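A.B. asks: Got a sequence here, can you model it:
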Amino acid sequence: SPDTTLHLAKATGGAGSSPLEINIDSTFNGSWTADTDWGHINFRVPNESSTPDGDTHIQIAANSGSSTAGSVNDLVFRVKEASGGTLTERMRVDFDGTISFADKDASETMRIDSSGNLLVGKTSTGAATAGIELNGVNDLLRIARDGGVLQELNRIGGDGDIIEFRKDNTAVGSIGTNSS
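C.D. replies: Numbers count the residues shown, from 1 in each chain. Predicted structure coming up:
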């Protein structure tokens, strides 16, 4: 039997709009443990060896995030690689608008923070943190690495500019190749 309540209702909106609402209410009304799901939408695939309801392969969850006060902070997306495997978090939208993406080992690979900065291989902005940062607030591309080549630029076939430097949208210099 279900242990939560599901409501389907046609709302009475203004100006003739009546959107359909789906409400999933938790029956728990106490303290929450941080990073705990309070509701799921499961997408299941029937499987002979699974439970009668099927095997969940995709899950969208409402998650308490860092909150213990019962307020939902995060929206979490999980997927499963194969039947019988475990659901692994692949994306999270935090309460502040940060979007985090994870690889198949659940390690964060990329995030878009609440300021609109794209971070690849790093979880915070700044030149001292290894990774790639496309900083929209400061119109800045920042690449930081501890050892190894920092950047590769490869012109495939023919001579010419590899990098062009501009000031006020006028070319003021370049780095390129010339084989003659």
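A.B. asks: Regarding Gly147, what is its secondary structure?
C.D. replies: Three-state call for Gly147 (DSSP: H, G, I helix; E, B strand; the rest coil): coil.
A.B. asks: need the contact list for it.
C.D. replies: For Gly147, no contacting residues are found, by Cβ atoms under 8 Å, 6 or more residues apart in numbering. No exception for glycine: its C-beta is placed from N, CA and C like everyone else's.
A.B. asks: distance of it from Met110?
C.D. replies: Separation of Gly147 from Met110 (Cβ to Cβ, to the nearest Å) stands at 22 Å.
A.B. asks: Asn178 versus the closest residue to Arg166 other than its chain neighbours, what's the distance?
C.D. replies: Spatial nearest neighbour of Arg166, chain neighbours left out: Val172 (6.4 Å); criterion: Cβ to Cβ, 6 or more residues apart in numbering. Val172 sits 19 Å away from Asn178, going by Cβ to Cβ.
A.B. asks: shaky segments in this protein?
C.D. replies: 1-32, 46-54, 67-72, 83-84 (pLDDT under 70).
A.B. asks: which residue is nearest the centroid of it?
C.D. replies: Nearest to the centroid of the C-alpha atoms of the chain, with distances taken as Cα atoms, centre = their mean, sits Ser100, at 3.0 Å.
A.B. asks: Which other helices and strands does the host helix or strand of that one contact?
C.D. replies: Using DSSP states H and E, Ser100 sits within strand 99-102. Here strand 99-102 is seen to pack against strand 88-93, strand 108-112 when contacts are counted using 3 or more Cβ pairs under 8 Å, 6 or more residues apart in numbering; DSSP states H and E.
A.B. asks: could I get those strands as CSV with distance to Gln151 and mean neighbour count?
C.D. replies: CSV is the format used below for these (distance: least, Cβ to Cβ, whole Å; neighbours: other Cβ atoms under 10 Å):
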stretch, distance to Gln151, mean neighbour count
strand 88-93, 28, 17
strand 108-112, 19, 17
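A.B. asks: now for those strands, which one comes closest to Ser66?
C.D. replies: Proximity to Ser66, assessed across these by Cβ to Cβ, is greatest for strand 88-93 (11.7 Å).
A.B. asks: which of Val172 and Asn178 has more neighbours?
C.D. replies: Counted by other Cβ atoms under 10 Å, Val172 and Asn178 do not tie: Val172 has more neighbours, with 9 against 6.
A.B. asks: Sheet partners, orientation included, of the helix or strand that contains the more buried one?
C.D. replies: Using DSSP H and E, Val172 maps to strand 170-177. Using DSSP bridges, the strands paired with strand 170-177 are strand 160-167 (antiparallel).
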